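*Asks:* let's see this in three dimensions:
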Amino acid sequence: MKKGQIGEGTVLRTEFGGKGLVVSSDGEVEVKGTLEGQKIRFCVTKKRGGKCEGRLLEVLERSPDEIESDCPHFGSCGGCSLRTLPYEKQLELKERQVRSILEKTGMDPHFEGIIASPVVDGYRNKMEFSFGDEYKDGPMTLGLHRKGSYHDILTVPSCRIIDDDFRMILSAALDTASRSGLPYYHRMRHVGYFRHLVLRKGFYTGELLIHLITSSQADPETENRYLEEFVGVMTALPLKGKIAGILHTVNDRCADIVASDRTDLLFGRDYYMEQLLHLTFRISPFSFFQNNSPGAQLLYQKAREYIGSTKDKTVFDLYSGTGTIAQLMAPVAKNVVGVEIVEEAVRAARENAAQNDLDNCSFIAGDVLKVLDELSETPDLIILDPPREGVHPKALSKIAAYGADRIVYISCKPTSLPEDMAILSQAGYRIARSCAVDMFCGTAHVETVCLLTHS
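*Replies:* You can find the predicted model right below:
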């Protein structure tokens, strides 16, 4: 096959992330966004080292496992790629993919299968929506990126992974923005006003945080009038939950990310509360917190089970976020040290520990790679919950050098595990137990938990 060639074939298997191996009469090609058993038409986009990659053009025949999606945005939205698989089939696929990845570590992973999410629909406690247009020079929209597009934004009022409150706020925010006469922020020209809307909600408390992100490109009088109306509209909505706070962040950075040059509190307070496993957590707008609260409880229960007894032990919780795991381990531990690079999350972690009457937790703001050189304590147990790209190899070598009895590694991108496990294996660690936890129903993502013991 050569670049630009059009072909047809059947998807033999799907790797983690939704990349399918397609077998055609001319050879094999990897095509993203496919499901096992589908017959598809594709275009070869890349050929390198004898391997071909392609772009999906059309599904000619559906997989025998597929069903009709209950989301009207499926196919247009770039979000839930597994929405046409029954949930039990999603679990089977993810379990098979994680097992295959763990076997590539060269260790016996002692894989215990996958744990299902207790909630399949409306599970998201955080959503980040973007302002834009659905097509070039079209009317303003607010929603998610259209599948395969960096520019086009699709309004998703019937999204299945968010609850009714999020849907109501999304529609009302778009209405008020459209009436304001202010333009959305153009990602390429870097002009305009409206950028993002981030919604967060405590699944168990019902508290809502509404966070509007704009540029500074509006005259103060017009902006103040709009923000006053925005707060009035939001607070008048017949929501099931209760609005804890409404914030306005100004972000003039060119990158298309949610960041703050200045954040103002428009209503209430700048955080919301959530409860997990009998503990209470204060979550601020830029703090990391697992997006599926019911699933997070199962994930943390498994992590606590794997780490075993913490009695009189020193525990390091690296990449600790708002300190959720650290505080679950703290009640009988000697002390727990959390390290997190986001300073706002560290402040929240300290406040959470105080609120939960835990005086043996300390949290340090900084890069794990650098902070480890400054710590005088030696951990008995280590918990790793790194970002999607995994742990920096140099940091992982420092972590392994402690020789802790047990390490629990939580990964939201299992494909990063084999490389990290190779470093830990050289330091004498082996996988004693492992499992997957489905936190992202309808999508190709999954969490993996590994218990490593030192020989």
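
*Asks:* can you report how many residues lie near residue 285?
*Replies:* Here the number of neighbours of residue 285 (other C-beta atoms under 10 Å) works out to 21. Heads up, the C-betas are built off the backbone N, CA and C, glycines and all.

*Asks:* quick check: it touching residue 247?
*Replies:* Yes - contact criterion C-beta atoms under 8 Å: residue 285 and residue 247 qualify, at 5.9 Å.

*Asks:* and for stretch 261-276, what's in contact with it?
*Replies:* By C-beta atoms under 8 Å, 6 or more residues apart in numbering, the surrounding residues in contact with stretch 261-276 are 125, 200-205, 207-209, 216, 227, 230-231, 234-235, 243-253, 280-285, 289, 293, 296-297, 300, 324, 348.

*Asks:* how about 6 Å then?
*Replies:* When contacts are taken as C-beta atoms under 6 Å, 6 or more residues apart in numbering, the neighbours of stretch 261-276 outside the stretch itself are 202, 204-205, 207, 209, 231, 244-252, 281-284, 297.

*Asks:* now do stretch 370-378
*Replies:* Contact partners of stretch 370-378, identified using C-beta under 6 Å, 6+ apart, comprise 314, 339, 364, 398.

*Asks:* drop anything exposed from the contacts of stretch 261-276.
*Replies:* 202, 205, 207, 209, 231, 244-251, 281-284, 297 (16 or more other C-beta atoms under 10 Å).

*Asks:* picking up where we left off before, and for residue 285 and residue 247, which residues touch both?
*Replies:* When C-beta under 6 Å, 6+ apart defines a contact, the residues bordering residue 285 and residue 247 alike are residue 211.

*Asks:* about what we covered before: which of the contacts of stretch 261-276 fall within helices?
*Replies:* Here DSSP state H is the test, and the contacts of stretch 261-276 give 231, 297 as lying in helices.

*Asks:* what helices and strands are in contact with the strand or helix carrying residue 228?
*Replies:* Here residue 228 is covered by helix 220-236, with elements defined by DSSP states H and E. Helices and strands in packing contact with helix 220-236 are listed as helix 164-180, strand 242-250; criterion 3 or more C-beta pairs under 6 Å, 6 or more residues apart in numbering; DSSP states H and E.

*Asks:* what's the offset of the last one from the middle of its chain?
*Replies:* Read that as strand 242-250. 21 Å (C-alpha atoms, centre = their mean, to the nearest Å).

*Asks:* quick one: mean pLDDT for that strand?
*Replies:* When the per-residue pLDDT values of strand 242-250 are averaged, the result is 98.

*Asks:* which one is residue 332 nearest to, not counting chain neighbours?
*Replies:* Take residue 332 and drop its neighbours on the chain: the residue closest to it by C-beta to C-beta, 6 or more residues apart in numbering is residue 311, 4.6 Å away.

*Asks:* and that neighbour, backbone torsions?
*Replies:* Comment: the main-chain dihedrals of residue 311 come out as phi -60, psi 120, following degrees, to the nearest 10.

*Asks:* how about residue 168, what does it touch?
*Replies:* Per C-beta under 6 Å, 6+ apart, neighbours of residue 168: residue 237.

*Asks:* same thing but 7 Å
*Replies:* Residues near residue 168 by C-beta atoms under 7 Å, 6 or more residues apart in numbering: 237, 239.
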